[in-house]
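Student: got a predicted structure plus its sequence, pasted below:
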Amino acid sequence: MRKNSLTEKKQRYDEWYYRGRNSNYIFWYNNLKFEIFWRRRQKILNKITDSGKLLDVGCAFGFFIKLLENKFEVYGIDISEYAIKQAKRLISKPDHLKCFDVHKGILFDERFDVITAFDIMEHISDPLPIFIFFNESLKKGGNLYLELPLSKTLINRDVGHYYSTLKNWTSILNQAGFKPWFIQGYYTIGLRIVMFPTGRFINYCSIIAKKL
């Protein structure tokens, strides 16, 4: 399969991706930016730590890291120039935000206590090299916190997803030098508002994995 250039990828995640009529982000970012599902993710993050240096990969408009600014030293990267422009208006340290393609590694020289990547990895056809980059950018004993869909949902308009099983994701994490220690499966219709924790009929999951 032909790999898209960085320019093509940036164009794919332009303003229309976030605000177009076929985008989930009309609902997520215009109505849910006031914490509804970010608080759930913060609660899971607190299983790791409530402070430290944190990088959010695919930070989009920066709503999650804005929520954490008082306790964490927050950084963010996103491939979308449009999204980073919006995030820089929100975050108190805009120089901590970079437009960058994670396929090229992690732009920052810092080592992080936590890396978060929400609804990002399903866009990547070969996640192993990306997980290795994450491992290299974490401090010893640092943690990677992922959330991602495992299959299509009833309401899901995004394209270009690569779905896999939870077992396969944990296997790839192991190959990249991580040990998953927290896994929560969910059933959701796709907008992440109604999420039922479950061990069966899973189509979405949270994973926390420690760097070995």
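Tutor: Thanks, I have the structure now.
Student: where does pLDDT dip in this structure?
Tutor: Along the chain, segments meeting pLDDT under 70 span 1-11, 16, 19-35, 153-159, 190-194.
Student: can you give me the strands in it?
Tutor: With DSSP state E as the criterion, the chain has strands at 52-57, 72-78, 97-99, 112-118, 138-149, 178-188, 195-197, 204-211.
Student: tell me which other helices or strands the fourth one touches.
Tutor: The one in question is strand 112-118. The helices and strands touching strand 112-118, judged by 3 or more CB pairs under 8 Å, 6 or more residues apart in numbering; DSSP states H and E, are helix 38-45, strand 52-57, helix 127-137, strand 138-149. From N, CA and C alone the C-beta is placed, and that goes for glycine too.
Student: partners of that strand, with directions?
Tutor: Using DSSP bridges, strand 112-118 pairs in its sheet with strand 52-57 (parallel), strand 138-149 (parallel).
Student: looking at these, which is buried most?
Tutor: strand 52-57 (a mean of 24; mean count of other CB atoms under 10 Å).
Student: tilt between it and helix 127-137?
Tutor: Interaxial angle, strand 52-57 versus helix 127-137 (axes from the mean of the first three to the mean of the last three CA atoms, to 10 degrees): 160 degrees.
Student: from the chain's centroid, how far away is strand 52-57?
Tutor: Its chain's average C-alpha position is 11 Å from that of strand 52-57, according to CA atoms, centre = their mean, to the nearest Å.
Student: can you redo the helices and strands packed on strand 112-118 as CSV with distance to residue 198?
Tutor: Converted to CSV, those look like this (distance: least, CB to CB, whole Å):
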stretch, distance to residue 198
helix 38-45, 15
strand 52-57, 26
helix 127-137, 24
strand 138-149, 14
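Student: distance of the residue nearest to residue 170 when sequence neighbours are not counted from residue 195?
Tutor: What sits nearest to residue 170 in space, not counting adjacent residues and going by CB to CB, 6 or more residues apart in numbering, is residue 180, at 5.0 Å. Separation of residue 180 from residue 195 (CB to CB, to the nearest Å): 19 Å.
Student: before we move on, what about residue 51?
Tutor: Distance, residue 51 to residue 195, by CB to CB: 26 Å.
Student: the two: who's more crowded?
Tutor: residue 195 (16 against 12; other CB atoms under 10 Å).
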